[in-house]
Structures are given as structure tokens and as C-alpha cells.
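Undergrad: Here is a sequence with its predicted model. Questions after.
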Amino acid sequence: EKGGYDHFMLKEIYEQPSVIKDTYRGRLHANEGLIQMAGIEDNLEKFLNAERIIIVACGTSWHAGLVAEYIFEEFARIPVEVEYASEFRYRNPIINRKDVVIAISQSGETADTMAAIKLAKENGAFVFGVCNVVGSSISRETHAGAYTHAGPEIGVASTKAFTTQITVLTMIALRLAKAKGTLSNSVFHSYLQELEIIPEKVKEALETNERAKEIAAVFKDAPNCLYLGRGYNFPVALEGALKLKEISYIHAEGYPAAEMKHGPIALIDEHMPVIVIAPKQGHYDKIVSNIQEIKSRSGKIIAVVTKGDTQVRELADYIIEIPETSDALSPLITTIPLQLLSYHIAVMRGCNVDQPRNLAKSVTVE
Ligand code: F6R
């Protein structure tokens with residue numbers, strides 16, 4: 001059942017090229033320049049009239065929501081807020097009929113996300129679900145939705161759900177951008193083409209497995225770890241840290257790289273591994289200077305870089321090379337080596353990778 005892999009988590013990491021394809025199949029028509037998703041087409045007016053989009057979710061799904069915030073605002077120019085469902089439901093938020101609420105949940109059973117949906121509905125918002133489990137409670141409670149086609153995710157640590165959620169949300173943003181004319185035709189088409197070949201690039205990113213394993217062997221006993229990224233890769237830093245802490249029990253934190261100097265930089269010494277997501281597209285020069293700041297304080301730098309990178313290579317202690325993508329789609333690629341790194345560290349520490357202590361696959365109590 002693990003398909004020859006030692007753990008479900010590893011199997012699910014390796015399934016990502018095919019499940020991303022399953023998720024866009026029949027929806028993304030790159031050659032025709034079309035995106036067709038029934039749940040969006042049927043409710044297009046609601047999205048186009050939305051004064052803002054509020055995304056509610058928990059954990060990894062919340063991280064996918066953060067990536068989506070950047071993508072929606074950039075592509076479709078609709079204001080987006082992303083909230084932990086648990087906070088949203090109890091803070092008397094302002095919600096009205098002109099809001100579209102997107103609830104993201106792999107299991108479709110998360111109690112806090114469910115409660116946030118009910119609250120949004122009571123206040124007249126249109127609620128759209130992005131779920132993986134067909135027929136789940138959240139998929140039934142929402143007005144409409146689009147499924148991720150990740151297949152069953154057994155490992156407690158979410159991997160393929162995350163990348164398929166980003167895939168669905170990217171397609172929605174592109175569809176809305178097309179309707180609103182917020183992206184030029186050529187940019188719109190190039191994103192469609194690029195999304196279509198993303199599974200190939202994810203496959204290439206999986207080739208970092210051996211490298212991730214080597215690096216895991218060096219840092220497996222670290223008590224702490226920092227993850228840094230900027231822009232689209234800030235949520236990837238949060239997700240990388242969550243993956244490490246939940247399966248290896250190493251304390252890890254993700255930060256937007258520029259926030260370092262507002263406090264966390266005090267933690268840096270020669271014992272602190274710092275994983276920096278530094279692809280060529282994006283805020284490269286800025287992240288290079290952040291790396292210099294860490295280096296001058298003797299932090300150990302593990303950098304995820306675009307193939308052929310030279311500048312970061314000179315500064316970093318270890319590099320992991322990934323294929324080039326546009327900034328906006330890069331989370332689908334940069335997250336792969338971070339999943340592998342956490343996996344190998346957890347295995348080397350003798351942890352129960354698929355069923356970490358104190359965690360359940362679906363959190364049906366608040
Ligand atoms: C992390 C993880 C959790 C879930 C969270 C939300 O690897 O699995 O953080 O992402 O409990 O679950 P869903 O998406 O099922 O609502």
C-alpha cells in the first residue's frame with residue numbers, strides 16, 4: 001500500500017507531479033488559453049463582484065491560503081485576507097454579502113474551519129470550499145467549491161494536499177484575472193503554459209532527495225532551525241518549519257527574511273541552521289543581503305537556489321538546486337526539497353514519520 005516507499009509521507013511527496021496533473025486535468029487548457037472550473041463558472045459574478053476575499057483555514061491549508069493571497073492580489077487585484085479559522089470564528093469579524101469566503105481543508109472535517117464557514121454563511125457571505133475529501137462535511141456545508149485531486153493523504157504531515165491546494169487556487173486566480181483583464185494576454189498565457197509543465201519541474205525538484213538526505217545527516221541533531229523566505233516564498237518558509245517541527249520534534253520557525261533584524265537575528269550563532277529559500281526569480285538581491293547578515297553572524301546556511309546559481313553558492317554552507325520557475329509559481333517547487341529535508345531528518349531521528357506524537361490527521365475538535 002506504500003507502493004514500495006518506507007512511509008506514506010515519502011510516497012505522497014513523490015506523488016506530487018501526478019496529483020498536480022490530476023488536479024488541473026480537464027480544467028487547465030493551456031493551448032486554448034482557457035481555465036474551466038464548474039464551481040467558478042457557475043458563480044463567476046459572485047467572485048467578480050466581491051469587494052474582498054477572506055480565506056479561512058488551519059495549519060498547512062492556512063499556509064496555502066497565504067500563498068493564494070499573494071497570487072490573487074497580484075493576478076486578479078482583489079483584496080484578500082487570510083485568517084486562522086480558529087481566530088476568525090471567535091473574534092466577531094466583519095463579514096457581509098459582498099465578501100467571498102474561501103475555506104481550504106484537506107480533510108474537509110476540521111472543526112474550526114467548519115465553524116468559520118457557518119459564521120460566514122450566517123452573515124450572508126458566499127462560501128467556496130477547496131477540499132480534498134469528496135463528500136466531506138466542509139464540501140457539503142459550502143455553497144460551491146473545487147476539489148483538489150490529491151487522492152487519499154495518509155501521512156499526518158500534509159504534503160501533496162498543500163501543492164494541489166496551491167494549484168487549484170492559482171487556477172481560480174487566473175480565471176478571475178482573465179475575466180477582469182488584470183493580466184495582459186501574454187502574461188496570462190505564459191502562466192497557463194507554465195502551470196502545465198509544473199509537474200515536470202516538481203519531478204526534477206524531487207531529484208534533490210539525495211542531497212536533502214546528505215544535509216539531513218548533518219543537521220539531524222540541531223535543537224532549533226530557522227526558515228526564511230520572502231514574497232511568495234515566505235509562506236513556504238512557514239510550511240517548511242511546520243513540516244520539520246511536526247515530524248522531527250525539532251523546534252523550527254519560519255520568518256519573512258527581512259523580519260530577521262527585528263528580533264530573531266539575535267538567535268543566530270554557529271549552531272543555528274538557517275534554511276533560506278532563495279530562487280533567482282523574486283527578491284533575489286534582497287535575500288542575498290539577508291544571507292550575508294546571517295553569514296556574518298556565523299549561522300549555518302542551507303539555501304534553496306535556482307540551478308546554476310553562483311552568488312548564493314559562494315555564501316551558503318549547503319545548497320539545494322531546483323529548476324527555474326516564475327516567482328508566483330515557485331512555491332510549488334521550493335516546497336519540495338523542504339518536505340524531503342524534514343522527512344529525512346525525522347527518519348534519522350527515529351521518529352514515527354507517518355503518525356507523529358500528539359497529532360491526528362483530521363482535527364474534528366476545537
Ligand atoms: C500539517 C497538517 C495540519 C493540517 C491542519 C488542517 O502537516 O497536516 O496542520 O494542515 O490540521 O487540516 P485540513 O486541511 O484537513 O483542514
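TA: Looks like it arrived, so ask away.
Undergrad: May I have the predicted confidence score for residue 124?
TA: Residue 124 is assigned 95 on the pLDDT scale.
Undergrad: Next, the contact list for the residue of the stretch 51-200 of the chain at minimum distance from the ligand, please.
TA: Residue of the stretch 51-200 of the chain nearest the ligand, by CB to the nearest ligand atom: residue 59 (1.9 Å). Bear in mind the C-beta positions are built from the backbone N, C-alpha and C, glycine included. By CB atoms under 8 Å, 6 or more residues apart in numbering, the contact set of residue 59 is 158, 242.
Undergrad: Would you mind listing the residues in contact with the residue nearest to residue 130 when sequence neighbours are not counted?
TA: Nearest residue to residue 130, sequence neighbours excluded (CB to CB, 6 or more residues apart in numbering): residue 104, at 4.6 Å. Applying CB under 8 Å, 6+ apart to residue 104 gives the contacts 55-57, 61-62, 64-65, 68, 113, 129-131, 165, 169.
Undergrad: can you narrow those residues to ones near the ligand?
TA: 61, 113 (CB under 6 Å from any ligand atom).
Undergrad: So which of the contacts of residue 104 is the closest to residue 202?
TA: Among these, residue 165 lies closest to residue 202 (CB to CB), at 14.3 Å.
Undergrad: for the closest one, helix, strand, or coil?
TA: Secondary structure, DSSP: H, G, I helix; E, B strand; the rest coil: residue 165 is helix.
Undergrad: Helix, strand, or coil at the residue nearest to it when sequence neighbours are not counted?
TA: Setting aside the residues directly before and after it, residue 165 is nearest to residue 64 in space (CB to CB, 6+ apart), at 3.9 Å. Of the three states, residue 64 takes helix under three-state DSSP.
Undergrad: residues touching residue 64, list them.
TA: The contact partners of residue 64, by CB under 8 Å, 6+ apart, come to 57, 104, 162, 165, 166, 169, 235.
Undergrad: Backbone dihedrals for the second one, both of them.
TA: Reported as degrees, to the nearest 10, the phi and psi values for residue 104 are phi -110, psi 130.
Undergrad: Likewise for the first one?
TA: Note on residue 57: its backbone torsions stand at phi -170, psi 180 [degrees, to the nearest 10].
Undergrad: Verify the contact between it and residue 65 for me.
TA: Yes. When contacts are counted by CB atoms under 8 Å, residue 57 is listed as touching residue 65 (4.8 Å).
Undergrad: so what sits against both of those two?
TA: 82, 104.
Undergrad: For this structure, just list every one of the strands.
TA: 28-29, 34-35, 52-57, 80-84, 99-105, 126-131, 144-145, 224-229, 251-256, 273-278, 300-306, 318-322 (DSSP state E).
Undergrad: Serialize the contacts of residue 104 to TSV and add fields for pLDDT.
TA: Below are those laid out as TSV (pLDDT from 0 to 100):
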residue	pLDDT
55	98
56	98
57	98
61	98
62	98
64	98
65	98
68	98
113	97
129	98
130	98
131	98
165	98
169	98
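Undergrad: Need the contacts of residue 104 in CSV (columns: distance to residue 120).
TA: Listed next are the contacts of residue 104 as CSV, based on distance: CB to CB, whole Å:
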residue, distance to residue 120
55, 11
56, 7
57, 13
61, 16
62, 16
64, 18
65, 14
68, 17
113, 11
129, 11
130, 14
131, 15
165, 19
169, 18
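Undergrad: how about the residues of the stretch 51-200 of the chain near the ligand?
TA: 58, 59, 60, 61, 105, 106, 107, 110, 113, 156, 157, 158.
Undergrad: Distance of the second one relative to residue 52?
TA: Meaning residue 59. For residue 59, the distance to residue 52 equals 23 Å [CB to CB, to the nearest Å].
Undergrad: In ChimeraX, how would I select the buried members of the contacts of residue 104?
TA: Entered in ChimeraX, the line below selects the buried ones among these, by 16 or more other CB atoms under 10 Å:
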select :55,56,57,61,62,64,65,68,113,129,130,131,165,169
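Undergrad: just the contacts of residue 104 now: which is nearest residue 362?
TA: Looking across these and measuring by CB to CB, the closest to residue 362 is residue 113, at 10.4 Å.
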